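Here's my sequence, what's the structure:
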Amino acid sequence: MTTEWHVLGAGAIGGLFAHRLTRAGHKVTLLNRRGLACERTLIFEYPDTTITECLNDEPIEHAGVITHLWVTTKSFDVVPGLEAVLPRLSPDAHVVVLANGMGYHQKVAERLQNQTLIVGSTTAGCSKRGQNTWVIAGSGETQLGCWLHPSTAPDWFKDFSDQPWRCEWEPAIRDSLLKKLAVNCAINPPTALWDIANGDLLSAKWLPDFNAALDELAAIFKALGQATLAREIHASAHRVAHQTAANTSSMRADFQQERPTEIEAILGFLLDDLLPSAEGSIPLETPILRGWLNSVRTHDLALQSRQTK
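Here you go, the predicted model:
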């Protein structure tokens, strides 16, 4: 069954999933906030082949009724982006949000009425070169599920999941998001601050600090009542660092390209929103994680200052 999708946020992940939706037989339109309509030729470079897609790219205000929407913006643009699209959503629309971090999902849910909110995470490896070329390093794994309550997968999911890439419907999606958040907290800030690839975290130079940060994360998740995640965080973070050894984390890419980071939805959300509700009378000591958070915040503030001059 062909479904018409609109994709808001055609960055590395947004472009990749627009491509995947097209490969699955769906009609895809990119949405922009530039006010310009055009046909874009997108190039997807795999290790062994290159695929070209031609997709319409239109302003949000030109879109008709939107029944199926993917939101793949930066975390800090999820809510503003959705608010711009809200007047176009059909009453029974499906809205899929695939972005880093947490803290914005409930804000999205509060802005929807009877529409279905689906959230997820992915480990797909993809980067952009220029405006119209995507370099795909690995298919990774993608998990999707309903935010408000467990449910079965919608009809369109079967077409999307019956493809070479791995995509699973996860009833307990919030647990999956928390696991992804934990790994992002461990890998994104240090690779950005130290300007290293993910795999370098396992080198003799960086491993002691990496492991010490994982100790802090384990203590946090234990305090949050996430005993399994606390036990598994060391192995999970080491595995991701190894599997994505040559990759540049999204936060490191933000540093390199002088863009604002998503630190508030990642480490900021964990330390300033989740942790205070679980600490009790004795605060947990998190000097390494807090130092990373403060350092990335300092970077973002300095960047903002330079860009506003």
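
burial measure for Ile196, as a count.
For Ile196, the number of neighbouring residues by other CB atoms under 10 Å comes to 17. In this view, the C-beta of every residue, glycine as well, is placed from N, C-alpha and C.

Surely it is within a helix?
No: assignment of Ile196 by DSSP: H, G, I helix; E, B strand; the rest coil gives coil, placing it outside any helix.

mind showing which ranges of the chain have poor pLDDT?
Per-residue confidence of the chain (counting by pLDDT under 70) places the weak regions at 1, 279-282.

those helices in it, which residues are they?
12-23, 78-85, 105-111, 155-161, 173-194, 207-223, 227-243, 250-256, 267-268, 287-308 (DSSP state H).

Output those helices in CSV, with mean neighbour count and distance to Asp57 appended to each entry.
Rendered in CSV, the data for the helices of the chain read as follows (neighbours: other CB atoms under 10 Å; distance: least, CB to CB, whole Å):
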stretch, mean neighbour count, distance to Asp57
helix 12-23, 22, 10
helix 78-85, 18, 15
helix 105-111, 15, 23
helix 155-161, 16, 21
helix 173-194, 22, 29
helix 207-223, 18, 40
helix 227-243, 17, 33
helix 250-256, 20, 22
helix 267-268, 23, 32
helix 287-308, 14, 25
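
Tell me which of the ones you listed sits nearest to Tyr46.
Comparing those against Tyr46 with CB to CB, the closest turns out to be helix 12-23 (10.5 Å).

if we can go back for a sec, any chance of the helices of the chain in CSV with distance to Asn132 as columns?
Compiled in CSV, the helices of the chain are given as follows (distance: least, CB to CB, whole Å):
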stretch, distance to Asn132
helix 12-23, 9
helix 78-85, 21
helix 105-111, 29
helix 155-161, 23
helix 173-194, 26
helix 207-223, 36
helix 227-243, 28
helix 250-256, 17
helix 267-268, 32
helix 287-308, 25
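
Leu275 is nearest to which of those?
With CB to CB as the yardstick, what comes closest out of these is helix 207-223 (5.7 Å).

Extract the C-alpha set from that closest one and format it as CSV.
What follows is helix 207-223, C-alpha atoms only, in CSV (Å, rounded to 0.1, in the frame of the first residue of the first chain):
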residue,chain,number,x,y,z
LEU,A,207,39.7,4.8,28.0
PRO,A,208,40.2,5.6,31.7
ASP,A,209,38.0,8.8,31.5
PHE,A,210,35.5,7.0,29.3
ASN,A,211,35.1,4.2,31.8
ALA,A,212,35.0,6.6,34.7
ALA,A,213,32.1,8.4,33.0
LEU,A,214,30.4,5.1,32.4
ASP,A,215,30.7,4.4,36.2
GLU,A,216,28.8,7.7,36.8
LEU,A,217,26.2,6.8,34.3
ALA,A,218,25.7,3.4,35.9
ALA,A,219,25.2,5.1,39.3
ILE,A,220,22.6,7.5,37.8
PHE,A,221,20.5,4.8,36.1
LYS,A,222,20.7,2.6,39.3
ALA,A,223,19.2,5.6,41.2
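
Let me know the angle separating it from helix 227-243.
Note on geometry: by axes from the mean of the first three to the mean of the last three CA atoms, to 10 degrees, helix 207-223 and helix 227-243 are set 150 degrees apart in direction.

Does anything pack onto helix 207-223? Which helices or strands?
The elements that helix 207-223 packs onto, with contact taken as 3 or more CB pairs under 8 Å, 6 or more residues apart in numbering; DSSP states H and E, are helix 173-194, helix 227-243, helix 287-308.

how far does that helix sit from the chain's center?
The gap between where helix 207-223 is centred and where its chain is centred comes out at 22 Å by CA atoms, centre = their mean, to the nearest Å.

what does stretch 21-31 give?
Counting by CA atoms, centre = their mean, stretch 21-31 is centred 19 Å from the centre of its parent chain.
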